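# Sequence and predicted structure are below.
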Amino acid sequence: MNNDFGKRAAQFALRLAKPADVSAIHAIQEESYPPSMQEQQDVILCRLQQAPSTCWVAEDDAGVGAYLFAYLSRLGALTPLEGGFRIAPDADALYLHDLAVSSRMAGKGVGQLLFNRAMAFARAQRLAYSTLVSVQDSCSYWMKRGYVPGTPLPEYGEHLKGYPEDALYMIKSLGSD
C-alpha cells in the first residue's frame, strides 16, 4: 500500500502515520494541549495500531508537523481521553479523535488538508456521519466545516466528562454536502 497520497501544499506531504511518528505526534500534543489533555506515547501507539488506515500526518523537511487520528465508529460513540479506540465493525461514522498542527505548520492550510483527507476516506467508505469532541474553544472552527452540536449515546456520556469543561460532542452528516 502506498502511504504517500501525493497531496502536497507548500512544502509538506500527507501520508498515513506510522509507529516511528509517535514521538513527533506526542511533541505536537505537548505544544498544542494543556498537560491534562496530553496522552501518553503508548496510548498514541496503541491507537495507531488499532486504526492504521485512518491516522494521517503532514510532514515537511523538518519532519512530522501535524496529525489527524480518526477511527470507524457509530453515531453517538466517543473515546475517552487516554482510552483506546473501539473500532465499530458496523460503522456509520468516522470519529475524528484528534487534529493538531505544530506552530511551524500553522497557517499553511495543513489542518484543512488533513480534514479533507479524512472526509474523502469517510465518503469512500460510504459512512453517513463524522463525529468528534470539540475542545479548546474550537466549536466555531468545526461548525464552519459542517458540524453541529449533538448528544452522545447514554453509555458514552461519562467519556465526555473526562474532557475539559468546554468539550462538546459534534456531528456532521456526510450526505448533506
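All right, it came through fine. This one's a predicted model, so the numbers in the text were calculated from it and none came from an experiment. Residues are numbered from 1 along each chain as shown.
# which regions of this protein lie under the pLDDT threshold?
1-10, 176-177 (pLDDT under 70).
# quick check: longest strand of it.
Ranked by residue count, the top strand of the chain under DSSP state E comes out as strand 63-73.
# Buried residues, it. List them.
V64, G65, A66, Y67, L68, F69, A70, Y71, L72, S73 (16 or more other CB atoms under 10 Å). Where you see a C-beta, it was placed from the backbone N, CA and C, and this is true even at glycine.
# now the helix or strand V133 falls within against strand 63-73, angle please.
Element membership for V133, per DSSP states H and E: strand 129-134. Using axes from the mean of the first three to the mean of the last three CA atoms, to 10 degrees, the inter-axis angle of strand 129-134 relative to strand 63-73 is 120 degrees.
# what lines up beside strand 129-134 in the sheet?
Strand 129-134 has its sheet partners listed here by DSSP bridges as strand 93-101 (parallel), strand 168-173 (antiparallel).
# ok, the buried residues of strand 63-73 vs P164, which is closest?
F69 (18.0 Å; CB to CB).
# Give me the number of neighbouring residues for the residue found closest to S32 once you drop the neighbours it is linked to in the chain.
Excluding its sequence neighbours, the residue lying closest to S32 (CB to CB, 6 or more residues apart in numbering) is A100, at 4.3 Å. Using other CB atoms under 10 Å, A100 has 19 neighbouring residues.
# Next up, the contacts around A100.
I28, Q29, E31, S32, Y33, A66, Y67 (CB atoms under 8 Å, 6 or more residues apart in numbering).
# Right, I'll leave it there.
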